[in-house]
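A.B. asks: Provided below are the primary sequence and the corresponding predicted coordinates.
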Amino acid sequence: PGPGAAFLACTPERLYARTGRFVASEAVAGTRPRGRGGDVEADFWLSLDLLRSAKDHAEFCTVRDWIAAQLAGPCEDVAIEIRKSVLKQGAVQHLFGRVAARLRRGRNDAHLLAALHPTPAVCGRPREAALGYLEELEAFDRGWYAG
């Protein structure tokens, strides 16, 4: 993409953001509702349940670690900035992490997009096999939505 170009999506996580050579990608997995009617105590317990869930932890780590591994191709100095926290949104909350890196010289947004899209949170893992199953089983093409 040229200057000012963007890849837009409607999802709680940002596939990546780039400023110069600095790249950041977000891992989001696992979901719990928020406390109803602004109930702070219920919200806290739902967050704690999410943080303690072995299933959600495993799913989240799969996504976060995959993103870090994928960034290692087009990028250098890959580091997990936020290991695991809770991203609170209007009605739901998710496990959240951020991976940062520096884009290698000669690489661009097309390389980042090819490396990161779609993430395992969208299509599953291993990515190539999961995409093959989706293509075989679904009667429609997900296109840019999910690879």
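C.D. replies: Cool, the structure landed. Given the structure is predicted, the values throughout are model-derived calculations rather than measurements.
A.B. asks: For the longest helix seen in the chain, what does the pLDDT average out to?
C.D. replies: When the chain is parsed with DSSP state H, its longest helix is helix 54-71. The average pLDDT within helix 54-71 is 95.
A.B. asks: in whichever helix or strand comes after it, what's buried?
C.D. replies: Downstream of helix 54-71, the next assigned helix or strand under DSSP states H and E is strand 75-88. Judged by neighbour count (16 or more other Cβ atoms under 10 Å), strand 75-88 contains these buried residues: Cys75, Val78, Lys84, Val86, Leu87. Where you see a C-beta, it was placed from the backbone N, CA and C, and this is true even at glycine.
A.B. asks: Strand 75-88 pairs with which strands, parallel or anti?
C.D. replies: Under the criterion DSSP bridges, strand 75-88 sits next to strand 92-103 (antiparallel) in its sheet.
A.B. asks: Quick check: buried residues in the partner strand?
C.D. replies: Gln93, His94, Leu95, Phe96, Gly97, Arg98, Val99, Ala100, Ala101, Leu103.
A.B. asks: got a list of what the residue lying closest to Arg125 once chain neighbours are set aside touches?
C.D. replies: If the residues on either side of it in the chain are set aside, Arg125 comes closest to Thr62, at 6.1 Å by Cβ to Cβ, 6 or more residues apart in numbering. By Cβ atoms under 8 Å, 6 or more residues apart in numbering, the residues touching Thr62 are Ala29, Pro120, Arg125.
A.B. asks: Can you name the residues bridging to the nearest residue to Arg64 once chain neighbours are set aside?
C.D. replies: Closest residue in space to Arg64, ignoring its immediate chain neighbours: Ala27 at 3.7 Å, by Cβ to Cβ, 6+ apart. Ala27 forms beta bridges with Gly97, as assigned by DSSP bridges.
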